[in-house]
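A.B. asks: Have a look at this prediction, sequence included:
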Amino acid sequence: MAQASAPPDTPGIRPGRLKVFLGAAPGVGKTYRMLDEGWRRALRGTDVVVAYAECHHRPHTEEMLEGLEVLPRLHRDYRGMEFTELDLAAVLARRPAVALIDELAHTNVPGTGNTKRWQDVEELLAAGIDVMTTVNIQHLESLSDVVEKITGVPQRETVPDDVVRRAHQIELVDMPPEALRRRMAHGNIYAPEKIDAALSHYFRVGNLTALRELALLWLAERVDETLQRYRAEHGIGGVWETRERVVVALTGGPEGETLIRRAARIAARSSGGDLLAVHVTRSDGLAGASPAALARQRRLVESLGGTYHTVVGDQVPAALLEFARAENATQLVVGVSRRGWPARVLAARGVGDSVVEMSGDIDVHIVTHERAGRGRGLPVPGSGLSRVRRIGGPVAGLLLPFLLTAVLRADAAAEALGLNLTSEALLFLVAVVGVACIGGVVSALLASLTASLLLNYYFIPPAGRFTIHGANNILALVVFALVACTVAAVVDRSLRLSRRAASATAAAETLSSLAGGILRGEQEVPDLLERTRRTFGMESAELRPRARDRDREAVLAPAVAPAVAPSVARDGAGRAATEEIRMPIGEDAELVLRGRALPSSDRRVLAAFVAHLTAAVERARLAEAAAEIEPVRAADRMRTALLAAVSHDLRTPLASGWAAVSSLRSREVDFSPEDREELLATADESMAKLNRLVDNLLDMSRLQAGALTLSLRPTALVEVLPLALDSLPEAPKCEVAAQDLERVPDVLADPPLLERVLANLVANAARHSPPGRPVTVAASVLASRVELRVVDRGPGLRPADRERAFAPFQRLGDTDNTTGLGLGLALSRGLTEAMGGTLTPEDTPGGGLTMVVSLPAAPAPVRDVLA
């Protein structure tokens, strides 16, 4: 398909302007509105011509053409048929001020020129001709797949979104779904013979509502883009409160959920308010927020209908306000600082105070919470170091300065190196830095103190005493101590940040690997257990009932036992684990890991694995419960169908045959040869029907017992319907009209069972249809299924009675065996569901009842696919 691009401008000619009338569905009045706008401009003296208008034989639309200049169409023959198209050359030669062109997404007949009509429109715009056109939301290229999922109808004609976006004006032609369906029922959109199928398929209330929402949302986004572009072009940086947008700042702290809920309530006060959550990370990616807490808060934001964002910035207030202004936010929610009063007194202003001062026209809400003023807690010195380094650091801080002093005091070394006081101080500084790399800031401070004392005693005159002569020597010693402490602190911080970065990178890679495994289908409990064991280097990982639930182990075992054995991994010697870690999985189980002790950072990552394991166990339980219930439901449906057949379908042939045989055996009546032959024919026909019903019942009995496999194969509806009508005990009292049966693909069904279903539904519809009103049997395609509708024009059925109508032996009261709903509905639903389909009732537009049989479409033959 050709891609949309900006039309080339002809030098000296102003490009034409495009106005698009956008509709949610056919029939909303786009063409009528376009012609009405054409009349309005023509009455003002504008040169307006109708280049192409498709009225679809609608009288009110055709009346709008009277009095407007209509250009002749271009006639083309294609594959033995004549088509009419837009005559682009005639429009360019006529050069009107405004051209009205219907159906922007239309595909031109080959040989006309451009492939698509929107390409014709772009040529007219490049020639300086204004164009007004129409298009439906389902024809936009970005939404065609979404519309197909909603309606089940593929969209073969589309127009690139950019073509419509670049329109000078876009006007939405809107109509409520109920009003559009009334317009359809009155015959103002489609021909009468197509009304029923359209109302029950494409023009359902749900479909029209979804299409209307798509059109409104798409146009709202375009309006917002236009507003943002206008603000940018005019340098408007202030907030325009066209829509409430509430931004909530998250730190990953425990107060986050309180802030999110408060912001959600603020956004909910205005219709259409947006909720945006933002977390500011440092540019080095080493912010101290808990990933697990942020993940929980993100899920909460999304569950409340908001969006979650992450921005990078070292200055948190500036980053928050920059994001808020970029999103045109009207309100910003931040929490009261968790810093204690000493930190608030001694340190700089908090984020909240800075945001309030810099906010400008954005309203700022400072929300209190239970953690306000309680402090953030102090880090434990050396907590990230191993035990060896925590011990070795202070030892090195004491010994290394003494060793360096011994080396420098040796006469041979001093003479060979020729060192002075500055060089000796720098060597001690290197030793302090080395100690900081080993044991952290505490060890470095100890080394700095030791080095200062040794430097004073042995190397600063007068040597051998803790005294200093000369201002320069005093300054050198003080500077050395300060530099040593500062360098030690910087090195220690750098090492800590490096360790945190490595830990964060490892955690991110682990969680990314877990997410990738789930996307690849590794969602079963054994797979997740094995991945958990391998990720954390444990000897074994298994699921067990909780200690307090040992008496319920038999109940829990079926859900988790199949997942335990494949995941347990021990070493060859069978050594006992050094530590046992237990994590709760749901309400009844726990994850037991045996192996090494896990640090707190690994336990945070382990929490993510536990969450996935909990979901996997719950899925396994639900799947098992569903598998246990499904055979019971299937047996109940089949039992219902069998009872209905025994009580209803066997009665008629049995009674007819019995009456015929009894009459023939009677000696009180002398039958003529013709009467005797007629009675014998009645008995024979009744016994044949009885035999056929008994065979079907036996087949269903075998099916219920699992001893019979359904013969599902591609079945043509156009072939089954005549057989179903022939199998009726008596001819329907009204005409049966078939629509579109030959246009739908074959269904995957058992032909004899489908024949019985159709026979029961047609008989029921004929029994309730008034004289002279035909029963309609129509077919349509919805996604990968085929829907067969049996439509009557009878009294219909109240919604409260619909499910009761499918109960066996029901005639809506059981008071009259000649009226009411047929008893074959229970059998029909049971047989339909046995074939993988559904049977549901719907109201017939204009009065009556429609029975909808939905069956899977049969796969296309290979030769059709290759063709």
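C.D. replies: Cool, got the structure. Numbering: from 1, shown residues only.
A.B. asks: Doesn't residue 464 belong to a helix?
C.D. replies: No: assigned with DSSP: H, G, I helix; E, B strand; the rest coil, residue 464 falls outside any helix and is coil.
A.B. asks: In space, what's closest to it - neighbours in sequence excluded?
C.D. replies: Using Cβ to Cβ, 6 or more residues apart in numbering and skipping residues adjacent in sequence, the residue nearest residue 464 is residue 457, 6.9 Å away. Every residue, glycine included, has its C-beta placed from N, CA and C.
A.B. asks: pLDDT of stretch 82-102, averaged?
C.D. replies: Stretch 82-102 comes out with an average pLDDT of 92.
A.B. asks: should've said stretch 800-809
C.D. replies: In this model, stretch 800-809 has a mean pLDDT of 71.
A.B. asks: For the residue nearest to residue 464, give me the pLDDT.
C.D. replies: For residue 457, the predicted pLDDT is 80.
A.B. asks: how close does it get to residue 402?
C.D. replies: 11 Å (Cβ to Cβ, to the nearest Å).
A.B. asks: Kindly report the same for residue 130.
C.D. replies: Between residue 130 and residue 402 the distance is 93 Å, computed by Cβ to Cβ.
A.B. asks: what do you get for residue 167?
C.D. replies: 84 Å.
A.B. asks: These two: who's more crowded?
C.D. replies: Legend: neighbour count by other Cβ atoms under 10 Å for residue 167 and residue 402, higher for residue 167 (21 against 12).
A.B. asks: Let me know the pLDDT of the more buried one.
C.D. replies: 91.
A.B. asks: Please look at it and residue 19 and confirm they touch.
C.D. replies: Yes: Residue 167 lies in contact with residue 19 (Cβ atoms under 8 Å); the separation is 6.3 Å.
A.B. asks: what element comes up after the host helix or strand of residue 63 heading to the C-terminus?
C.D. replies: Using DSSP states H and E, residue 63 falls within helix 59-65. For helix 59-65, the succeeding helix or strand toward the C-terminus, using DSSP H and E, is strand 69-70.
A.B. asks: any idea how far that next one is from the chain center?
C.D. replies: Counting by Cα atoms, centre = their mean, to the nearest Å, strand 69-70 is centred 48 Å from the centre of its parent chain.
A.B. asks: Just checking: what are the partner strands of that strand?
C.D. replies: Sheet pairing of strand 69-70 (DSSP bridges) gives strand 48-52 (parallel).
A.B. asks: Show me the contact partners of the partner strand.
C.D. replies: Residues from elsewhere that reach strand 48-52 (Cβ atoms under 8 Å, 6 or more residues apart in numbering): 35, 38, 41-42, 65, 68-71, 73, 85-87, 91, 94, 96-103, 117.
A.B. asks: any idea whether the closest residue to residue 838 other than its chain neighbours is helix, strand or coil?
C.D. replies: In space, and not counting its chain neighbours, residue 838 is closest to residue 854: 4.8 Å by Cβ to Cβ, 6+ apart. Of the three states, residue 854 takes strand under three-state DSSP.
A.B. asks: per-residue confidence at residue 854?
C.D. replies: For residue 854, pLDDT reads 91.
A.B. asks: tell me, how many neighbours does it end up with?
C.D. replies: So residue 854, with other Cβ under 10 Å, has 17 neighbours.
A.B. asks: so what's it up against?
C.D. replies: 782, 785, 786, 787, 788, 837, 838, 839, 840.
A.B. asks: Quick check: strands, which of these are part of them?
C.D. replies: 782, 785, 786, 787, 788, 838, 839, 840 (DSSP state E).
A.B. asks: List only those of these flagged as buried.
C.D. replies: The neighbour count (16 or more other Cβ atoms under 10 Å) marks 782, 785, 786, 787, 788, 839 as buried among these.
A.B. asks: Strands - which of the contacts of strand 48-52 land there?
C.D. replies: 69, 70, 85, 98, 99, 100, 101.
A.B. asks: now for these, which pair is the farthest apart?
C.D. replies: 85 and 98 (20.1 Å; Cβ to Cβ).
A.B. asks: for the helix holding residue 63, the distance to its chain's centre please.
C.D. replies: The answer for helix 59-65 is 43 Å, by Cα atoms, centre = their mean.
A.B. asks: do the same with stretch 789-808
C.D. replies: With Cα atoms, centre = their mean, you get 35 Å for stretch 789-808.
A.B. asks: Equivalent analysis for stretch 358-368, please.
C.D. replies: Its chain's C-alpha centre and that of stretch 358-368 lie 33 Å apart, by Cα atoms, centre = their mean.
A.B. asks: contacts for that stretch?
C.D. replies: 238-239, 258-259, 262-263, 266, 317-318, 321, 324-325, 329-336, 352, 355-356.
A.B. asks: Could you pick out the buried ones from the residues you listed?
C.D. replies: Buried members of the contacts of stretch 358-368, counted by 16+ other Cβ under 10 Å: 239, 258-259, 262-263, 266, 317, 321, 324-325, 329-336, 352, 355.
A.B. asks: Looking at those residues, which are in helices?
C.D. replies: 258, 259, 262, 263, 266, 317, 321, 324, 325, 352, 355 (DSSP state H).
A.B. asks: the residue most distant from the middle of this structure, which is it?
C.D. replies: residue 462 (80.2 Å; Cα atoms, centre = their mean).
A.B. asks: For the stretch 351-500 of the chain, give me the ranges with low pLDDT.
C.D. replies: Scanning the stretch 351-500 of the chain with the threshold set as pLDDT under 70 gives 370-387, 411-418, 467-481, 484-485, 487-488, 491-492, 495, 499-500.
A.B. asks: ok, back up a step: quick one: which of the buried ones among the ones in strands among the contacts of residue 854 is nearest residue 768?
C.D. replies: Taking Cβ to Cβ as the measure, residue 768 lies nearest residue 839 of these, at 16.6 Å.
A.B. asks: Tell me how far the closest one lies from residue 852.
C.D. replies: From residue 839 to residue 852 the distance is 7 Å (Cβ to Cβ).
A.B. asks: Would you mark the buried spots in the helix or strand where residue 804 lies?
C.D. replies: Assigned by DSSP H and E, residue 804 belongs to helix 802-805. By 16+ other Cβ under 10 Å, the buried positions in helix 802-805 come out as residue 805.
A.B. asks: Next, residue 543: phi, psi?
C.D. replies: With angles defined as degrees, to the nearest 10, residue 543 sits at phi -100, psi 140.
A.B. asks: same question but for residue 779, I mixed them up
C.D. replies: Main-chain torsions, residue 779, degrees, to the nearest 10: phi -130, psi 150.
A.B. asks: burial measure for it, as a count.
C.D. replies: 23.
A.B. asks: any idea of the pLDDT on it?
C.D. replies: If you check residue 779, the pLDDT there is 89.
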